[in-house]
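In: okay, sequence plus prediction incoming.
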Amino acid sequence: MANSDSSPPLPRANPLSSKKENITPIGSKIAELNESRAELLDRIQGLKQDLQNWRSKLDTQVKVYCDELSDLKKSLNVEVEQLRLEFQELRTALQQQQQQDVTSSLRNLGLQDVTRDAKNAQAQDCRVEGSDKEGHVLPKEEDNNDKESES
């Protein structure tokens, strides 16, 4: 093995001079980084403020829209209720009109309401029949028109 003394000495740089050379670029880089950090913090603060302003405006806008929607919903409910009432009235009127049309059609066909026929028959019976002073039922009298048609 070789003796360490026999090897040529390595060139050594002066430690003080190399430290000074290294300190100068590091110092300027630290100053640049500090400046950059300060700028970034300012930008972040500005963005935070912008975000708060945006949220505030958005909240206000949402509240306005909610109020408008609530008003629209109320007016829509009122209009829907009015339409329901109008449709109910129309339905009732239509049913009445249909009943009148059916009754008219039956009359045109010669069919009359059974109750009307019965009432008319009773009315004729009451006109013709009578009673004497003692409450005896008298026989039906014939109408003058019937007598004239027989002659």
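Out: Yes, it's here.

In: for the rest of this, base every contact and every neighbour count on C-alpha atoms.
Out: Will do.

In: and the strands in this protein?
Out: Along the chain, the stretches classed as strands by DSSP state E are 130-131, 137-138.

In: where in the protein is pLDDT low?
Out: 1-24, 111-121, 123-151 (pLDDT under 70).

In: most residues in a single helix of it, which one?
Out: What stands out as the longest helix in the chain, according to DSSP state H, is helix 15-108.

In: what's it packed up against?
Out: Using 3 or more Cα pairs under 8 Å, 6 or more residues apart in numbering; DSSP states H and E as the contact definition, helix 15-108 packs against no other helix or strand.

In: pull the number of nearby residues for residue 81.
Out: Number of residues near residue 81 (other Cα atoms under 10 Å) recorded here: 12.

In: what of the one 5 residues further on?
Out: Summarising burial for residue 86: neighbours were counted as other Cα under 10 Å, giving 12.

In: repeat for the one 3 residues further on
Out: Using other Cα under 10 Å, residue 89 has 12 neighbouring residues.

In: repeat for residue 35
Out: The number of residues near residue 35, taken as other Cα under 10 Å, comes to 12.
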